[in-house]
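> Here is the input, now give the coordinates:
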Amino acid sequence: MRFRRTFGYLVQVAALAVAAALCLGTGLASAQDTAVVPKRVIYPGETVSADQVDVVAVTNPNLTGDYARTKEEVVGMVTKRTLLPGRTIPTGGLREAFAVKRGGSVRLTFSIGNMLISASGTPLTDASVGELIKVRNLDSGTIVSGTVMADGTVQVMAK
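Numbers count the residues shown, from 1 in each chain. Coordinates of the predicted model:
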């Protein structure tokens with residue numbers, strides 16, 4: 001008999017909690033939220049592909065932080081840290097792929113007014129689009145600083 005009273009009390013409490021959640025609009029909103037989680041361990045420096053991750057529903061209302069919610073946010077990005085299976089992927093743990101690689105060949109461009117000067121160069125570091133890097137001019141041997149552009153060239157800055 002005691003079991004039935006306890007069970008009946010628990011059912012009433014659960015029904016009140018569900019009614020409160022529906023009235024406040026919480027619960028349903030958090031159930032609609034999604035997160036991206038790896039299927040296997042992804043190590044630093046790896047490029048994330050679509051078959052390495054899954055999109056799952058977030059069921060923990062206490063989950064906070066800046067984590068990836070769609071596959072588009074992570075596919076093609078490079079990991080900065082180890083990502084574990086079943087754990088959310090923090091957006092701070094990802095970076096854009098490098099546009100220029102150290103030791104490769106790039107085109108240096110410098111423009112002032114209508115004049116455009118270009119030369120070949122070798123980047124001294126890896127860099128993504130928009131980053132400031134140092135490049136050795138292959139013709140003169142001098143080291144210049146410039147910004148990596150989307151097409152893979154380096155726009156040299158005036159001194």
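> for this protein, what helix or strand is lowest in average pLDDT?
With mean pLDDT, DSSP states H and E as the measure, the helix or strand of the chain carrying the lowest mean pLDDT is helix 28-31 (a mean of 39).
> Mind jotting down where the helices sit in the protein?
Using DSSP state H, the helices found in the chain span residues 2-24, 28-31.
> any idea how far Ile143 lies from Leu132?
As judged by CB to CB, to the nearest Å, Ile143 and Leu132 stand 13 Å apart. Backbone N, C-alpha and C define where each C-beta goes, glycine included.
> ok so, going back, comparing the helices of the chain, which gets the lowest mean pLDDT score?
Within these, confidence is poorest for helix 28-31, with a mean of 39 (mean pLDDT).
> So which bits of stretch 67-83 are buried?
Judged by neighbour count using 16 or more other CB atoms under 10 Å, the buried positions of stretch 67-83 are Tyr67, Ala68, Arg69, Lys71, Glu73, Val74, Val75, Met77, Thr79, Leu83.
> Which ones among those residues lie within strands?
Within the buried residues of stretch 67-83, residues falling in strands by DSSP state E are Thr79.
> Including pLDDT and distance to Ala127, could the buried residues of stretch 67-83 go into TSV?
Shown next, in TSV, are those (pLDDT from 0 to 100; distance: CB to CB, whole Å):
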residue	pLDDT	distance to Ala127
Tyr67	92	26
Ala68	92	24
Arg69	92	28
Lys71	93	26
Glu73	91	22
Val74	94	21
Val75	93	21
Met77	92	16
Thr79	94	18
Leu83	94	23
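> Quick check: the farthest pair among the buried residues of stretch 67-83?
Pairwise distances among those were taken by CB to CB; the largest, 17.2 Å, belongs to Arg69 and Thr79.
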